[in-house]
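> Below is the sequence, then the predicted model.
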Amino acid sequence: QLQLVESGGGLVQPGGSLRLSCAVSGFKLDYFVIGWFRQAPGKEREGVSCIGRGDGDTYYADSVKGRFTISRDDAKNTVYLQMNSLKAEDTAVYYCAAGVLGSYLSWGQGTQVTVSS
């Protein structure tokens, strides 16, 4: 059974950094495209970043470009989201999801990121 578990969220001051992890189990990570999404209170879920299979083409939302970096370690079945220069507007629950052929099949439970002084 495909499962994803996020970790690494927490409270950080503006300008700080966090690294989120998405651990995949049940299947080999290299079968999937992995996406990171976030949802802030009262707002719709938005795509943050994703990384493809193989050579790992990456995508970033304009709001995080230059601050966030996505990477994958297929040997550890884990995808990371390095978040630098965090802003208050980055506060949200962050989710990872595994997808194939343009559809996301499974989602993690989410990890809270709060950026506040």
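Perfect, I can see it now.
> and the residue nearest in space to the middle of the chain, what element?
Geometric centre of the chain, nearest residue: Trp36, 3.1 Å, by C-alpha atoms, centre = their mean. Following DSSP states H and E, one finds Trp36 within strand 33-39.
> What is the helix or strand of the chain with the lowest mean pLDDT packed up against?
Lowest mean confidence among the helices and strands of the chain (mean pLDDT, DSSP states H and E): strand 103-107, at a mean of 92. On a contact count with 3 or more C-beta pairs under 8 Å, 6 or more residues apart in numbering; DSSP states H and E, strand 103-107 meets strand 3-7, strand 92-100. For every residue, glycine as well, the C-beta is placed using N, CA and C.
> Could you list the paired strands of it along with their orientation?
In the sheet, strand 103-107 lines up against strand 92-100 (antiparallel) (DSSP bridges).
> what's Ser7 in contact with, if anything?
20-21, 23, 111 (C-beta atoms under 8 Å, 6 or more residues apart in numbering).
> Now do the buried residues in the strand holding Trp36.
The neighbour-count check on strand 33-39 (16 or more other C-beta atoms under 10 Å) flags 33-38 as buried.
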